[in-house]
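Enquirer: Prediction below, plus the sequence it came from.
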Amino acid sequence: MNLLETLKTYGNPKLGYPSEHVLEKMYELNKDLDSDLRMLLFNPVRSIKHPLAHEPTDTKGFYLPILEKYVPYIQAMIANRYTKTTTVKQSVVNLESLGYVVSSQGQLNNIWNRAETKLNLKDKRKAETVRADKQRAINEANGRKRSSNFTEAQNKQLAEARKVANGRRDVKTATKELELSRRRLAKIAAKTSKPSEVIADLRTKSKSKIASSVSEHVAEIKAQNKKVLYEPTPKQAEFHSAGEDIVLYGGAAGGGKSYAMLIDVLRYCQYEDYRGLLIRRTSPMLKELIGVSRTLYPKAFPGANYNKSENVWYFPSGATIQFGYLDRAEDLENYQGLPYAYIGFDEIQHQRSDEGFVFLKSRLRSANPNIDCYIRASANPGGAPWVKETFIDPAEPNTTFYADGLSYRFIPAKLEDNPHLDTPKEGQTISPYRKMLMALPEVKRKQMLEGDWMVGDDNMFTFSTHVHVTDEMPPMHWSVINSLDYGFKDPACSLWGQICPTTGLLFVYQELECLHHVHEKWAIAVKEAEGFLPQGVSRVIDHSVFNNTGHTGPGVREIIAKQGLVPKPADRNREAGWNQIHNRLLVDPDTGLTGILIHSSCVLLIDQLASARRNDKKPDDIDEKRIKTKGRMHHWDMLDCLRYMCSSRPSHLTIAERNMRYKTSAQEDKRYQGYFS
């Protein structure tokens, strides 16, 4: 059994497993690692019985150690000393959370040292670390020797550092090599303008002069016969110069969002303690970003190296930029305890909830006073509703707003803001990319070409606040219907609606949500919210309360009946109920009339209608997964109440029939106006 098989068999999956690159590195240090591992794990230990041992080694009680209790310590050692994904302190926390006993960090280090010694890794790893430190010192010395304005004392100091790094080389040789490096870098700098310099210049300009400052700066560089690696569009320049703590740059496709994000993270790569992080939802989604960075970053910072196994860029100054993924809650452990001065979410609408966004805000910090910490994001319309609620709904575009003590801003971008993609070819009236976007289906076209945040291709209902929501109240003479759905941990919900006697229009005018209410308390709350109604109320409730539960005591029906609530069982057919809602939401394109109106005070119902998503496996049913909107997790209780209500008053009329009935009864309705309403 090799090392990886041993870890997977006797280790703990929550501690993670080493990558192929790390395993190769360990086997390079010790080719006999597997045999040494077997000797370590199967070495007889007094008074500890091994569950897999067939017999003891002798009569004095020497048995094999318990693998399940020892292998996780080796697993944690690899994560700390080889994979370098956890600190010693975090390793202690991880092991204790899994039930392993660790008295101190020193004890854990001692366990690791003994294990490394028996695995013949300790001395070899130290030698490898020394070589890496030497190379890092060489890179740092070369990186700092970028300017021709260094004093003689500084040059001498760098030469001494190079001498220390190389061990045997004398000062004269090191100085000569540094001078050659300085000349080579000076030639590269004469042809290149670093994106970080452009960005630094933009931050000093006022927002009203962004476009002119960019063009002036680029013209100045070109006048010196230097090559410009990145010439931002006015919209990209606005993104780079934004001073808010958190900024979303997005909207339509083709606005140059991802490229701007790759440049923006280079803000402070001249500082050795700068750490940047770029996030996508999954690891494969990072491929395009990484590919572009491998073309751009070495030109912007000569000497920058990309570590493929770690997905990290190492810059000559010592700064790092990490490419990471965030799909599940478990992925947050990859960033636990790590500080970042810059966090960027590319295509943030793919994040199903704001859990990762909220968590990583706590990782945003830097001890360097010259570094300002930022969170930046890009997005297209669609995807998770929380993105729209966090960045789009609170304020108008390009307006600074505040939440939780932080400043936010949304900078919209469309295809026309990026002339690199929206310039027609000779003889054409529109660009090829715009032509492709115009050929998309209607919903996708509105999202990707127009940047419309109000449409969604996976919405369950065709719902619009402009059409289906009103501030008016229905006439008092319309009959009232009350739908109920009980829950204790899940909300207990109620809806009140009225039915037009002539057109069949359903007007939902009131909602009620109760948490942690027992049956009787909930029934009292419903009656109090309902108040006095001059006519009787027809009630429906989830059919499950009528099921025979097997107990002899009073059930939900009996308890709420004591408070005056006597409902009928609601239709249990889910898909038919959703179809009734679909039918009532239909709008006549000629008259604009609809089969349902909702009062603006029913905020929970409106929110759930707008954010509900269809089930991918059952397109006619709703996706039951909880989703976060308006700062809370929904379980679609209000939609269930609406389904019960619509099913109890089914609408079988077509739009034309409903409109005809409305028109013929218009004269009758006039005599009630001003009297009941």
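Expert: Nice, thanks for sending it over. Predicted model, so just to flag it, every value in this text is computed and none were measured.

Enquirer: From now on I want contacts and neighbour counts done on CA atoms only, so please keep to that.
Expert: Fine.

Enquirer: Which residues are in contact with the most centrally placed residue in the chain?
Expert: The chain has Gln351 as the residue nearest its centroid, 3.5 Å off, counting by C-alpha atoms, centre = their mean. Listed by C-alpha atoms under 8 Å, 6 or more residues apart in numbering, the contact partners of Gln351 are 281, 326-327, 383-384.

Enquirer: go on, Tyr70?
Expert: Contact analysis of Tyr70 by C-alpha under 8 Å, 6+ apart lists Leu41.

Enquirer: can you tell me the helix or strand for it?
Expert: Per DSSP states H and E, Tyr70 falls inside helix 67-81.

Enquirer: Also compute the angle for the next helix or strand after that helix relative to helix 67-81, please.
Expert: With elements assigned by DSSP H and E, the helix or strand that comes after helix 67-81 is helix 88-97. On the basis of axes from the mean of the first three to the mean of the last three C-alpha atoms, to 10 degrees, helix 88-97 is oriented at 160 degrees to helix 67-81.

Enquirer: Return the list of helices and strands in contact with helix 88-97.
Expert: Packing contacts for helix 88-97, counted by 3 or more C-alpha pairs under 8 Å, 6 or more residues apart in numbering; DSSP states H and E, involve helix 67-81, helix 105-118.

Enquirer: looking at the ones you listed, which is closest to Ala300?
Expert: Of all the helices and strands packed on helix 88-97, it is helix 67-81 that lies closest to Ala300, at 31.6 Å by C-alpha to C-alpha.

Enquirer: Okay, buried residues for that closest one please.
Expert: 67, 71-80 (16 or more other C-alpha atoms under 10 Å).

Enquirer: so which of the helices and strands packed on helix 88-97 comes closest to Lys31?
Expert: Among those, if distance is taken as C-alpha to C-alpha, the winner is helix 105-118, at 13.6 Å.

Enquirer: What residues sit buried inside the closest one?
Expert: Residues of helix 105-118 classed as buried by neighbour count (16+ other C-alpha under 10 Å): 108, 112, 115-116.

Enquirer: can you pull the contacts of Gly595?
Expert: Taking C-alpha under 8 Å, 6+ apart as the test, what Gly595 contacts is 504-506, 583-587.

Enquirer: In strands, which of the residues you listed fall?
Expert: Among the contacts of Gly595, the residues falling in strands (DSSP state E) are Leu506.

Enquirer: Can you tell me which one of the contacts of Gly595 sits lowest on pLDDT?
Expert: For the contacts of Gly595, the least confident position by pLDDT is Val587, scoring 79.

Enquirer: how deep is that residue tucked in, by neighbour count?
Expert: Number of residues near Val587 (other C-alpha atoms under 10 Å) recorded here: 18.

Enquirer: On the strand side of things, show who it bridges to.
Expert: Thr594 (DSSP bridges).

Enquirer: can I assume it is in contact with Leu597?
Expert: No. Counting by C-alpha atoms under 8 Å, Val587 stays clear of Leu597, with 11.3 Å between them.

Enquirer: quick revisit: among the contacts of Gln351, which pair sits farthest apart?
Expert: Pairwise across the contacts of Gln351, and taking C-alpha to C-alpha, the largest span is found between Leu326 and Gly383, at 15.3 Å.

Enquirer: residue boundaries of the helices in the stretch 201-350 of the chain?
Expert: In the stretch 201-350 of the chain, the helices defined using DSSP state H, counting those that start in this stretch lie at 210-223, 234-241, 257-264, 287-300.

Enquirer: Same check on the stretch 551-677 of the chain?
Expert: Per DSSP H, counting those that start in this stretch, the stretch 551-677 of the chain carries helices over the ranges 556-561, 574-585, 603-611, 637-648, 655-664, 666-670.

Enquirer: To Lys435, which of these lies closest?
Expert: With C-alpha to C-alpha as the criterion, Lys435 lies closest to helix 603-611 of the helices of the stretch 551-677 of the chain, at 30.2 Å.

Enquirer: May I have the distance across stretch 344-361, first residue to last?
Expert: 11 Å (C-alpha to C-alpha, to the nearest Å).

Enquirer: re the thing from before, between the helices and strands packed on helix 88-97, which gets the lowest average pLDDT?
Expert: Among the helices and strands packed on helix 88-97, helix 67-81 has the lowest mean pLDDT, at a mean of 82.

Enquirer: if we can go back for a sec, which one of the helices of the stretch 551-677 of the chain lies nearest to Ser483?
Expert: For Ser483, the closest of the helices of the stretch 551-677 of the chain is helix 637-648, at 5.4 Å, according to C-alpha to C-alpha.

Enquirer: Who are the packing partners of the closest one?
Expert: Judged by 3+ C-alpha pairs under 8 Å, 6+ apart, helix 637-648 is in contact with strand 479-485, strand 492-499, strand 537-541, helix 574-585, helix 603-611.

Enquirer: Helix or strand: which one has Gly451?
Expert: Applying DSSP H and E as the criterion places Gly451 outside every helix and strand.

Enquirer: thinking it is in contact with Gly254, fair?
Expert: No. Counting by C-alpha under 8 Å, Gly451 sits too far from Gly254 to count as a contact (10.6 Å).

Enquirer: between the two, what contacts are shared?
Expert: The contact sets of Gly451 and Gly254 overlap at Lys414 (C-alpha under 8 Å, 6+ apart).

Enquirer: Tyr408 in helix, strand or coil?
Expert: strand (DSSP: H, G, I helix; E, B strand; the rest coil).

Enquirer: who does the nearest residue to it once chain neighbours are set aside bridge with?
Expert: Nearest non-adjacent residue to Tyr408, counting by C-alpha to C-alpha, 6 or more residues apart in numbering: Ile246, 4.9 Å away. Ile246 forms beta bridges with Ile375, Tyr408, as assigned by DSSP bridges.

Enquirer: who's in contact with stretch 500-511?
Expert: Taking C-alpha under 8 Å, 6+ apart as the rule, stretch 500-511 contacts 473-474, 478-479, 493-499, 594-599, 601-602, 604-605, 651, 658-659, 661-662, 665.

Enquirer: Give me the PyMOL select line for these, limited to the buried ones.
Expert: In PyMOL syntax, the buried subset of those is picked out as below (16+ other C-alpha under 10 Å):
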select buried, resi 473+474+478+479+493+494+495+496+497+498+499+594+595+596+597+598+599+602+604+605+651+658+659+662
